[in-house]
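Student: structure here, sequence nowhere to be found:
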């Protein structure tokens, strides 16, 4: 049986139904059919047309819901927000401060909801705007492959974002947070929203990099400490900077593999210069961690973190050196290793704190 | 005394020559010794061998598309010559980059003449393309042709970085093939309309997408030949694998292999060894899966061809039948 396709004008009601993932009646056939968006033409113009592939529900071949959620929620990226918070909590708790575990779970739960909301809505809006299609291989592709309906993603995304926002506000109110903490939290939230929906032009300048560095770095660690203790220490601020740099590294390593298809700061620098800069960055990271914490008097922490980052960094450098272009396969595991490096710093902080 | 090209009498390209003949499919000969200076030693014999051994598929495609559009014979000749010059220039350079010994069962130009001559001969063809098109005077056609040549070279450059990359994925290879192979097919579909001065954006966007699909199908079919699938022409097999390059079917086959199996794939010298490594049933299953994916691309192409109906003039509708006949034979190779 030949595969069926249909091309519709973006302005048609039927097109919107297809995009949202409504089932399409097909004569007397009892089985549901869905339209998977393959390609968009004249994106953003009044003449925009979308070509859909029509598939039966039982032909979609959806994997287990766990796998779908894993891809849709980008679960490995959760480490970028959870690890700094847990590391700060363990550091402070080992330093003698008393906390209730439920406070930590509330904060982590809140971060999870915000993470879920941002990524799901980002996927939904990129799908509706015509940025993510089966042919472009961008985003998680859970909508484009028919694993989830767009309206489901939109519903869960908004539910998660609103619940996370209300929960976060409630936590701040209940804990009688200081004005500085309110500013920090809303600053971080604003930064994340800009990152998720930033115009492409902004991505070619360092603004995206700055937002990642701050929102997944000092804003997170200092915010956590201020939430529990009402103030922030230089060590926690430095730790935040370290986490921010590692989060940025993870983002840049992903960008290096997408130079052909995405406009970014690395795209402006070009493959060769970006490759060299990232290599230097990875090589200097152990020195950064060792030196900063040495200077703050935390010798053991500096030594452990420097050693951990060096150990994982060597693997990163090996993969980076092997890559000869933006399409090299050795770039693919780089992001996972960068996330591992980020996570290992959190583990290192916890180990030193508990020793 | 060597005559400088600057002193050569200008051969203006008339917009509507009074003696311009209506186009007929059998008239075409893209290479003539008169098109190139005779004072450059061995150039014409190099080109004569190059152009006489090719199938001229792309120039025939130009002819098939130009006929329903009512282009004049001089326009069709220009377009056909342009695409063959670009294609053969890329072959001259490719053979040197890959250090290939044979092209179309004959010694490659860089071996028979010299690497320097092969490079310069390729460059000269591209320069002639620009001279001919600029004399024709259609700026959009010139600009588009320059972009296509640029894409072709980018694809070549990036493909070279994937040699000995045994973990490359199908997605990455498709990006290369879209630049390298598909760009010429896109040009074949769009250039006749540009020559006709039809610059409709929606039409060209659709033709671009159709050209992408044709290029993808052509490349994937070519890659299957390397694994002796539908190899009716009896081409040498496993050439890509032995050169350290995992082609699209190779990448598809290797997708589920472990790292140790991929390492073994590198060392395979015969198809029997490849099938023994993957398992004969598994090889057959992966081939069927690959064919199924590509048949979907054929169906998508045919759907886009139907969408062209509302964009063509009444007299041009016969082009649809021509376009619809392309992808099947291109991929299935007469099976």
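Tutor: On my side now, so go ahead. Keep in mind that this is a model prediction, so the values were computed, not measured. Numbering: from 1, shown residues only, chains lettered A, B, ... in the order given.
Student: grab the nearest non-local neighbour of residue 95.
Tutor: I went with chain A, as the question did not name one. In space, and not counting its chain neighbours, residue A:95 is closest to residue A:353: 7.2 Å by C-beta to C-beta, 6 or more residues apart in numbering or on different chains. C-beta here means a position set from N, CA and C on the backbone, and glycine is covered the same way.
Student: chain B is the one I meant
Tutor: In space, residue B:95 is closest to residue B:108, 4.1 Å off (C-beta to C-beta, 6+ apart).
Student: which residues are in contact with the one you found?
Tutor: Counting by C-beta atoms under 8 Å, 6 or more residues apart in numbering or on different chains, residue B:108 touches B:95, B:96, B:100, B:101, B:102, B:118.
Student: please pull out the lowest mean pLDDT helix or strand from chain A.
Tutor: Ranked by mean pLDDT, DSSP states H and E, the weakest helix or strand in chain A is helix A:200-203, scoring a mean of 62.
Student: quick one: contacts of whichever helix or strand comes after that helix?
Tutor: Where DSSP states H and E defines the elements, the next helix or strand beyond helix A:200-203 is helix A:207-215. Residues lying outside helix A:207-215 but in contact with it, judged by C-beta under 8 Å, 6+ apart, are A:187-188, A:191-192, A:194-195, A:198, A:202, A:241, A:244-245, A:247-248, A:251-252, A:264-265.
Student: which of those residues count as buried?
Tutor: Using 16 or more other C-beta atoms under 10 Å in any protein chain shown as the burial test, the contacts of helix A:207-215 include A:188, A:191-192, A:195, A:241, A:244-245, A:247-248, A:251-252, A:264-265 as buried.
Student: what does chain A put close to chain B?
Tutor: A:2-7, A:38-39, A:41-42, A:47, A:49, A:51, A:53, A:137, A:260-261, A:324-330, A:332 (C-beta under 8 Å from any C-beta of the partner chain).
Student: quick one on the thing from earlier: could you dump the contacts of residue B:108 to a markdown table with pLDDT and distance to residue A:210?
Tutor: Shown next, in a markdown table, are these (pLDDT from 0 to 100; distance: C-beta to C-beta, whole Å):
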| residue | pLDDT | distance to residue A:210 |
| --- | --- | --- |
| B:95 | 91 | 49 |
| B:96 | 92 | 47 |
| B:100 | 86 | 50 |
| B:101 | 86 | 55 |
| B:102 | 82 | 56 |
| B:118 | 94 | 50 |
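Student: of the residues you listed, select the buried ones using a ChimeraX command.
Tutor: Buried members of those, defined by 16+ other C-beta under 10 Å, are picked up in ChimeraX with:
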select /B:95,96,100,118
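Student: narrow the contacts of residue B:108 to those in strands?
Tutor: Counting by DSSP state E, the part of those found in strands is residue B:102.
Student: closest to chain A among the contacts of residue B:108?
Tutor: The nearest member of the contacts of residue B:108 to chain A, counting by C-beta to the nearest C-beta, is residue B:96 at 19.6 Å.
Student: which one is that closest one nearest to, not counting chain neighbours?
Tutor: In this structure, residue B:96 finds its nearest non-sequential neighbour in residue B:110, 4.3 Å apart by C-beta to C-beta, 6+ apart.
Student: what helix or strand is that neighbour on?
Tutor: Element membership of residue B:110, judged by DSSP H and E, is helix B:109-112.
Student: now the residues of chain A next to chain B: which count as buried?
Tutor: If we count by 16+ other C-beta under 10 Å, those have these buried: A:3, A:5-7, A:38-39, A:41-42, A:49, A:51, A:53, A:260, A:324-330, A:332.
Student: looking at those, which are in helices?
Tutor: Within these, no residue falls in helices by DSSP state H.
Student: could you chop chain B up by domain?
Tutor: Following automatic domain parsing, one gets these domains for chain B: B:34-137, B:164-335.
Student: make TSV out of the ones you listed and add distance to residue A:20.
Tutor: Conversion of the domains of chain B to TSV gives the following (distance: least, C-beta to C-beta, whole Å):
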stretch	distance to residue A:20
domain B:34-137	38
domain B:164-335	22
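Student: which residues outside stretch B:241-260 are in contact with it?
Tutor: Stretch B:241-260 is contacted from outside by B:98, B:159, B:162-166, B:168-170, B:173-174, B:177, B:219-220, B:223-224, B:226-227, B:229, B:240, B:261-262, B:265-266, B:268-269, B:274, B:277-278, B:283, B:286-287, B:289-290, using C-beta under 8 Å, 6+ apart.
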